[in-house]
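Student: Next comes the sequence, and after it the predicted model I'd like to discuss.
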Amino acid sequence: MQVLDVRTIVPRERHPLIFSTFDALQPGESFELVNDHDPKPLFYQFSFERSNTFTWDYLEQGPEVWRVRIGKRVA
């Protein structure tokens, strides 16, 4: 599984990078997002922009690091 660590990425570039990584996935594939805060706003953005096409599973929830497995649903 691909790991996308955005902790060193400029904040304004994080979401576009995360969405482009998601869009490149094949159905059934996933990647692991590593972040320095709870990416809950990203979850809401996914819910709005990619409704019913993604899975979201927390693997680690702080307090220093958050890791989320984001997958593309099989149609």
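Tutor: Looks like it came in fine. Residues are numbered from 1 along each chain as shown.
Student: Which SSE is immediately downstream of the longest helix along the chain?
Tutor: Within the chain, and with DSSP state H defining each element, the longest helix by residue count is helix 11-23. Using DSSP states H and E, the helix or strand that follows helix 11-23 towards the C-terminus is strand 30-35.
Student: Please export the C-alpha coordinates of the helix or strand that comes right after that following strand as CSV.
Tutor: In the C-terminal direction, the helix or strand that comes right after strand 30-35 (DSSP H and E) is helix 40-49. What follows is helix 40-49, C-alpha atoms only, in CSV (Å, rounded to 0.1, in the frame of the first residue of the first chain):
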residue,chain,number,x,y,z
LYS,A,40,-11.5,15.4,9.8
PRO,A,41,-11.9,18.5,7.5
LEU,A,42,-10.5,16.3,4.7
PHE,A,43,-13.1,13.6,5.5
TYR,A,44,-15.9,16.2,5.1
GLN,A,45,-14.4,17.4,1.8
PHE,A,46,-14.2,13.8,0.5
SER,A,47,-17.8,13.2,1.6
PHE,A,48,-18.9,16.3,-0.4
GLU,A,49,-16.7,15.8,-3.5
